[in-house]
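*Asks:* how would this look folded up:
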Amino acid sequence: MRGHPPSGVASPMSSPSSPGAVPDRAPRPRIISRVLLPFAEFARIGSLGGVVLLIVTALALAWSNSPWADSYFHLWETMISIGGVAAPLSLSLHHWINDALMVVFFLLVGLEIKREFLVGELASARQAALPIVAAVGGMIVPAALYSLLNRGGPGVAGWGIPMATDIAFALGILALLGSRVPIGLKVFLAALAIVDDLGAVLVIALFYTASIAWGAVAGAAVCLGILVTLNLRRVGALTPYLLVGIALWYFLLRSGIHSTIAGVLLALTIPTSSRINAAEFSARARALVDEFDRTETGDLLVITSKGQQEVLHQLDVAVSAVNAPLLKLEHSLHNVVSFAIMPLFALANAGVRLEGVGNALVSPVALGVGIGLVVGKSLGITAFSALAVKLGVAALPTGVTWRTLHGAAWLGGIGFTMSLFIAGLAFGESALLDAAKIGVLAASIVAGVVGYTLLRRTPAAPSRNEEAMPDEGEGEGALPTP
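*Replies:* Predicted coordinates for the structure are as follows:
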């Protein structure tokens, strides 16, 4: 949070139409910049994360095709056990990464999905229409193309692989383009990727689940009931949720339902309300700052003033009280996921032997993945977006043209993280998995290069100082721009 809402401005957590609310008189550019601040931080972390993923992917490919390739593949087969001697939980390092650490990734995905549907770009039906419809098109068309190429073959189970979009790589490419990309396009692509993630989660839960162990499912249901109860009783501390979430993960791991779904279920129960609202925090913080000044001892050293130390403690308490648990957890997970978990996942999953890559690229699985991501994504996102706008259910974001949207649709063809994850679920350790990996990597490179080229050739977006603000009634339904 930066600063306090000025006196007379309604709390962003309250409805403008609620009784007693004061009309917002702050300048519109300032309001819009404050609304877009969390997205800017998300884009910054996502862009840097994309660079890290690219480096780690190159490392995995180099290692898996080096004279030390055997050490790469044997490393991930290392068994690690935790728990008691009588009944330890033993998994390979590869499974600890994919089935345990990736739960944290899915927890972050779930938190972002929940926030976007509550207060973000997906909260308004009009604003949400375009990225939702575009994401649906970007899932249906690739899956259909893949299924057509693999109908009746051994790779038919991989239809979900080309449905995914990797937001880290996509935002990384947008960051390279700088001012050529309007902010509305970045918001559209981020919202589309979040809907895409939701679709991937549903696909994993419904179609990539092994045989069900109903006793473990019952244990998971009890854990979920406890989490819902904690939420309904407005428990704001995150520790109880995380402890029950670990138990939920364990039961789902034993149930046959993929354990990463535990992350999304946990995210949906994390509270979004705070103990005090923005106005209460502002009043409390101002009073505490005044008290901080009064207790100054003259040497400007906080360590010599017991009064200032107590004020700082109370400020910490106030900041914690006004910050929603969902935002706290999401903020704390971003760097861990972007710079530790996802790179480790890429290192463990992106390695594939490239000998015989020519034959692998023309296999039905690799072709299905490649055509699904490269052709299916760009065609599905663009065509469904055009249909939504033509039918009047959505509008293009401000500053976004069909040319730039089509370029972003190509970036949607960068599958990577989620595509590799689904490939592992679909094929396990087999030659089909290697073909799918090659298809994902090749298609992601092609989609990224074409998307970058298309957007690079578009005129630069107007700067913030040059861009005129629309009138109150103009651009209704468009995504906000600075």
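*Asks:* so which helix or strand takes in Ala318?
*Replies:* helix 306-322 (DSSP states H and E).
*Asks:* Can you classify Thr297 by secondary structure?
*Replies:* Classification of Thr297 by DSSP: H, G, I helix; E, B strand; the rest coil places it in coil.
*Asks:* Is it in contact with Thr304, as I believe?
*Replies:* Yes. Using CB atoms under 8 Å, Thr297 is in contact with Thr304, at 5.1 Å. C-beta: built from backbone N, CA, C; applies to glycine.
*Asks:* Low-confidence bits of the stretch 251-400 of the chain, can you list those?
*Replies:* Within the stretch 251-400 of the chain, no stretch has pLDDT under 70.
*Asks:* can you give me the helices for the stretch 1-150 of the chain?
*Replies:* 28-64, 69-75, 93-96, 102-119, 125-149 (DSSP state H, counting those that start in this stretch).
*Asks:* Those helices: lowest mean pLDDT?
*Replies:* Among the helices of the stretch 1-150 of the chain, helix 28-64 carries the lowest mean pLDDT, at a mean of 66.
*Asks:* follow-up on the earlier one: what residues sit buried inside the helix holding Ala318?
*Replies:* Using 16 or more other CB atoms under 10 Å as the test for burial, helix 306-322 gives 308, 311, 314-315, 318, 322.
*Asks:* Could you point out which of the helices of the stretch 1-150 of the chain sits nearest Gly424?
*Replies:* helix 93-96 (8.8 Å; CB to CB).
*Asks:* Against which helices or strands is that closest one packed?
*Replies:* strand 79-82 (3 or more CB pairs under 8 Å, 6 or more residues apart in numbering; DSSP states H and E).
*Asks:* pull the CA atoms of the strand it packs on into PDB?
*Replies:* Extracted C-alpha coordinates of strand 79-82, given in PDB (Å, rounded to 0.1, in the frame of the first residue of the first chain):
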ATOM      1  CA  MET A  79      14.000 -41.400  -3.600                       C
ATOM      2  CA  ILE A  80      13.300 -39.100  -0.600                       C
ATOM      3  CA  SER A  81      11.300 -40.200   2.400                       C
ATOM      4  CA  ILE A  82       9.700 -38.200   5.200                       C
END
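*Asks:* I'd like to know which elements the one helix or strand Val289 maps to is packed against.
*Replies:* Using DSSP H and E, Val289 sits in helix 278-294. Identification of packing neighbours for helix 278-294 by 3+ CB pairs under 8 Å, 6+ apart yields helix 306-322.
*Asks:* What lies in contact with the helix it packs on?
*Replies:* Residues from elsewhere that reach helix 306-322, judged by CB atoms under 8 Å, 6 or more residues apart in numbering: 1, 274-278, 280-281, 284-285, 288-289, 291-292, 294-296, 302-303, 328.
*Asks:* Stretch 72-85 too?
*Replies:* Contacts of stretch 72-85 (CB under 8 Å, 6+ apart): 60, 63-64, 66, 88-94, 96-97, 348, 351.
*Asks:* For those, which two are the farthest from each other?
*Replies:* Most distant of these, by CB to CB, are Ser66 and Pro88, 33.7 Å apart.
*Asks:* Contacts only, for the nearest residue to Met102 once chain neighbours are set aside.
*Replies:* Nearest non-adjacent residue to Met102, counting by CB to CB, 6 or more residues apart in numbering: Thr260, 5.3 Å away. Residues in contact with Thr260, defined by CB under 8 Å, 6+ apart, are 99, 102-103, 105-106, 204.
*Asks:* my read: Gly199 touches Ala143, true?
*Replies:* No. Using CB under 8 Å, Gly199 makes no contact with Ala143, being 9.9 Å away.
*Asks:* Return every residue with contacts to both of those two.
*Replies:* In contact with both Gly199 and Ala143: Met163, using CB under 8 Å, 6+ apart.
*Asks:* Excluding chain neighbours, what is closest to the residue nearest in space to the middle of the chain?
*Replies:* For the chain, the residue nearest the mean C-alpha position is Val109 (4.4 Å; CA atoms, centre = their mean). Counting by CB to CB, 6+ apart, Val109 lies nearest to Asp197, which is 4.8 Å off, once chain neighbours are set aside.
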